[in-house]
Every structure is written in structure tokens, then in C-alpha cells.
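*Asks:* what follows is a protein structure lacking sequence information:
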């Protein structure tokens, strides 16, 4: 029996989560249906545009994503600190980009005066909306519902488009985060849809490369790489983009050329910093989702989080011991 969502996503465990949604029926999310030869490729743009839009509204940072033929991956960072800095007015404005709100929020938005009782009532509602705007379940719900409606309308049918629940993996430490992001960014290469990160359409790695090349800066729609951890480090991913790109490119070349048995002795610096064995990294770059369930990270970190959350059993401990130091 699956665990309740609130037990799978908790800031007490980590702020980073890998989410996956898959289509439930034969009709493709994107790509070309080999049976009917009908192309659904334009739906990639639907999903990518909606994903990045929601990232600009929610207090959820997009670390990595990849849109495939019948599923998509996204790595999200819950930015609770950002949500707490928003004024009530900003929360209302953000919520109104998604829903109509209620009568009180609409009146407030128009600048109408509210009574003391009405302001208290609105404050209660705003607190709920603030919480939802940093909730991964709400993010995925809005994203999936909007795409399902568009796809069903285009296909002239009704019913479920996605599986009942999106899958999540909690990323407990830097090694788990970097491995999962690389796994997501390398999806098109692993599926033989692309040969290099820069030609991997509708992925975060392609957007990062293009933006850095053309504009000499990281894309604002994605959570930035800020370098090695330090007390004065700004908010962002705890790696240098140059190091991460080198590691992803190196991994992609090995996967593409099927040279896992003939690996250059010199590994990318980031892999050394993560203290991961080359064989484990390359294996997880292809099997991260299938071999690791629930919470992912070093064994000691997994034990700490399970104890903090009051779990009686430490699920996934053996896998974490095998793959992470």
C-alpha cells in the first residue's frame, strides 16, 4: 500500500525531490505513435512552457527536467524561505495567476477597503494559499491537469491521461542530488533520442547550455548553480555549472558509445568531490529511478532522517549502502 503523500514529501527530510509522471493510456504525451504514425511532438512545448511558468509562480525551484515520449521527470527544490518573504498581496497575485481566488481576494486586488472581519478571513485564506504555493503536490496537480485537458481535447476523448499518482524520490544529500539531476538530464541520450546534452531537446541541460552560450548567464527560469558549499554561498545548487556539465558530458559519452568497460582513468573533478565510485555513478546514471526508492542518500543520512520522522523501519537502507559511501 503506498504511503500518504505527506509522509513522502517533508522539509524535515530534505528540500529536494525527484518527481515522475507517466501516461496511463496508449496515447503518447509526445513523440510519434509508431502504430498510427501520428506526431504528438508539439506537446513537449506545452509541458515545458507550463512547467517553467509554474516554476515562476510557486516557491519551488526547477533544478532539472526532461520531457520524454510518455512521461516526464522534474527535480524540484522547495524554497520555503522565499514563500515566507512574500507579502499577502504578492501571495494573492500569484494565486490569481492560477485560479480566480475568492470574492475577498478579488476585492483586495481591486483596492477595495475590507472590514476587520473580512481582513481576518482573507488572512486565513492567504495562509492556506502560501502553503499550497510551496507544495509539490499542488504543483504537480496543476501541471498534470492542464496538460491532460489539452491532450484530451485534442484527442477528442475523456478519462485519465496520467497515472493516478506521480512518483517521488527524496534526495537527501549532494551525491543523491547530483546523480539524480544527471539521470534526468541524460534521459534523451539514454533513450537514443539525442547524442549530446546540447542536442537533448526539452531538457534543463539544453536550456542551461544554450542560455550560457548565448547570454553568458544561467537561465532565470532554473535554479542556478552557485559553486562549492560555503557559509557565504548564495542560494542555489551546491556545484559549479562547469563541473556539472563536464560530468554529464563525460557520462553521456560513455553511455552513448557503450564504453563502460573501457573508462578513462581520469574522472571529472565533481565525481571525486562527491566521493562516488565510477561504476556506481555510471550505473545510477542509467538506473537511478528503478534501483532506488523513496529516500536516497548516504546510509547515515537516511538513518538520521528516518529517526527524525519517527519511522520504525529504514526503507532502502541496503541500496543506499551499496551505491553511496
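*Replies:* Arrived safely. Nothing here was measured: the structure is a model prediction, and the numbers come from that model. Residues are numbered from 1 along each chain as shown.

*Asks:* any idea how far the residue nearest to the spatial centre of the chain lies from residue 14?
*Replies:* Taking CA atoms, centre = their mean, the centroid of the chain lies closest to residue 75, which sits 2.0 Å from it. For residue 75, the distance to residue 14 (CB to CB, to the nearest Å) stands at 12 Å. For the C-beta atoms, the positions are set from N, CA and C on the backbone; glycine is no exception.

*Asks:* intersection of neighbour lists for those two?
*Replies:* Common neighbours of residue 75 and residue 14, counting by CB atoms under 8 Å, 6 or more residues apart in numbering, are residue 171.

*Asks:* the residue nearest to the centre of the chain belongs to a strand?
*Replies:* Yes. Under DSSP: H, G, I helix; E, B strand; the rest coil, residue 75 sits within a strand.

*Asks:* what's near enough to touch it?
*Replies:* Per CB under 8 Å, 6+ apart, neighbours of residue 75: 16-19, 62-65, 171, 177, 180-181, 184.

*Asks:* reformat those as JSON lines; add neighbour count, distance to residue 99 and secondary structure.
*Replies:* Compiled in JSON lines, the contacts of residue 75 are given as follows (neighbours: other CB atoms under 10 Å; distance: CB to CB, whole Å; DSSP: H, G, I helix; E, B strand; the rest coil):
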{"residue": "16", "neighbour count": "25", "distance to residue 99": "27", "secondary structure": "strand"}
{"residue": "17", "neighbour count": "22", "distance to residue 99": "23", "secondary structure": "strand"}
{"residue": "18", "neighbour count": "26", "distance to residue 99": "27", "secondary structure": "strand"}
{"residue": "19", "neighbour count": "20", "distance to residue 99": "21", "secondary structure": "strand"}
{"residue": "62", "neighbour count": "22", "distance to residue 99": "21", "secondary structure": "strand"}
{"residue": "63", "neighbour count": "25", "distance to residue 99": "26", "secondary structure": "strand"}
{"residue": "64", "neighbour count": "26", "distance to residue 99": "28", "secondary structure": "strand"}
{"residue": "65", "neighbour count": "26", "distance to residue 99": "24", "secondary structure": "strand"}
{"residue": "171", "neighbour count": "27", "distance to residue 99": "30", "secondary structure": "strand"}
{"residue": "177", "neighbour count": "25", "distance to residue 99": "32", "secondary structure": "helix"}
{"residue": "180", "neighbour count": "25", "distance to residue 99": "31", "secondary structure": "helix"}
{"residue": "181", "neighbour count": "27", "distance to residue 99": "31", "secondary structure": "helix"}
{"residue": "184", "neighbour count": "23", "distance to residue 99": "29", "secondary structure": "helix"}
